[in-house]
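Visitor: build the 3D model from these lines:
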Amino acid sequence: MAVRVVEKIGEHTLEQMLLKVEDHIGIITFHRPPVNAAGEVAQKELLMVCDYINHDDDIWVVVMHSDQKTFCVGDDIKLFKKSIDDKDVTNVQEVFYDGALALYEVRVPVICAVHGHCLGGGMCYPAGADITIAVKGTLFGAPEAKLGVVGGSGHLSRILPPQIQRDMCYCSSFITAEDLMKYGGVTKVVDTLEELMPAAMDKAREICKRGPLVLRYLKACMNLQEDFQMKRKNDLEVTYTRYMARHEDFNEGVSAFIEKREPHFSGK
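Guide: Numbering: from 1, shown residues only. Predicted coordinates for the structure are as follows:
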């Protein structure tokens, strides 16, 4: 079994979105200790990795997973706060959504193997995947409103019914992998972390049996048929975040999270 490790793409050495290829399966490992808070580096590397996959005929299926104690806790809030102070929120959000969109649009089937927590912008990855396998008890959540931030809601619409999605977004609540599976947002739940990657790789090998050409055409066809419209929804969320960024409550919500206290929203 030949394993090919992709250490560099162009002149850039991958640091946070690692890639290796094994038996036609591209394995993306999210590696940003300790909890995979996604920042600009991770998102730009995801763009690079997806572009690499789109030009590598040896990759027929992708598995994305984490080698940290949790899958992804969403955007790096400290960097996000800096973007508020620098008045660069829109650009930061656009970089994040570009990475999420690239994963959704990558030309081969994508399997997300999720454990621990998958929160906020981190939910864009399984929401943009073709198949999601998760460990029992994994928590999925949309905490943005608690921070005074608009974001992520459009992605949840792909894996949750509308009223469940709105309940989660308004209340910043969590849902377990088992409950998410009831709504079709998770394909399979495994009991332990040790079972996660073997299950994901088994599914990837099963898909590989169909051959690369039909998988690419089928993926393209289903993405075009789907009513998800990720690009339009991303643009809307950037727009409404820009609106929210004009208010004091926006800064208060993010500051309260960093300071580990309850926010005090004033409606200003």
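Visitor: all strands for the chain, in order.
Guide: Per DSSP state E, the chain carries strands over the ranges 3-6, 8-9, 12-13, 17-22, 25-30, 37-38, 61-66, 74-75, 110-114, 117-119, 131-135, 139-141, 174-176, 188-190.
Visitor: which residues are in contact with the fifth one?
Guide: Pointing back at strand 25-30 there. With C-beta atoms under 8 Å, 6 or more residues apart in numbering as the test, strand 25-30 has contacts from 16-21, 36, 38, 42, 46, 49, 53, 56, 59-68, 71-72, 108, 201, 204-205, 208. Backbone N, C-alpha and C define where each C-beta goes, glycine included.
Visitor: comparing the strands of the chain by mean pLDDT, which bottoms out?
Guide: Looking at the strands of the chain, the lowest mean pLDDT belongs to strand 74-75 (a mean of 85).
Visitor: what's that strand packed up against?
Guide: Here strand 74-75 touches strand 37-38, going by 3 or more C-beta pairs under 8 Å, 6 or more residues apart in numbering; DSSP states H and E.
Visitor: can you rerun that using 10 Å?
Guide: Packing contacts for strand 74-75, counted by 3 or more C-beta pairs under 10 Å, 6 or more residues apart in numbering; DSSP states H and E, involve strand 37-38, helix 40-54, helix 89-105, strand 117-119.
Visitor: just the buried ones from the contacts of strand 25-30?
Guide: The neighbour-count test (16 or more other C-beta atoms under 10 Å) applied to the contacts of strand 25-30 identifies 16-19, 21, 36, 38, 42, 46, 49, 53, 56, 59-66, 68, 71-72, 108, 201, 204, 208 as buried.
Visitor: if I look at Phe80, what pLDDT would I see?
Guide: Phe80 carries a pLDDT value of 67.
Visitor: what residue ranges in the stretch 151-268 of the chain score low on pLDDT?
Guide: Low-confidence segments of the stretch 151-268 of the chain, defined by pLDDT under 70: 151-153, 228.
Visitor: Pro33 reaches Asp67, doesn't it?
Guide: Yes: using C-beta atoms under 10 Å, Pro33 is in contact with Asp67, at 9.0 Å.
Visitor: gap between Cys221 and Gly26?
Guide: 21 Å (C-beta to C-beta, to the nearest Å).
Visitor: I misspoke; the intended subject was Ile258.
Guide: 35 Å.
Visitor: neighbour count winner among the two?
Guide: Between Ile258 and Gly26, counted using other C-beta atoms under 10 Å, Gly26 has the larger neighbour count: 26 against 12.
Visitor: partners of that one in the sheet?
Guide: On the basis of DSSP bridges, Gly26 is bridged to Val21, Val62.
Visitor: end to end on stretch 63-71, go ahead and measure it.
Guide: End-to-end span of stretch 63-71 (C-alpha to C-alpha, to the nearest Å): 13 Å.
Visitor: sorry, wrong one. I was asking about stretch 18-29.
Guide: End residues of stretch 18-29 are separated by 5 Å (C-alpha to C-alpha).
Visitor: middle-most residue in this protein, spatially?
Guide: By C-alpha atoms, centre = their mean, the chain has its centre lying nearest to Tyr125, at 2.3 Å.
Visitor: mind listing what that one touches?
Guide: 28, 30, 38, 46, 64, 66, 71-72, 99-100, 103-104, 110, 112, 114, 118, 132, 155 (C-beta atoms under 10 Å, 6 or more residues apart in numbering).
Visitor: so how far is Tyr52 from it?
Guide: 17 Å.
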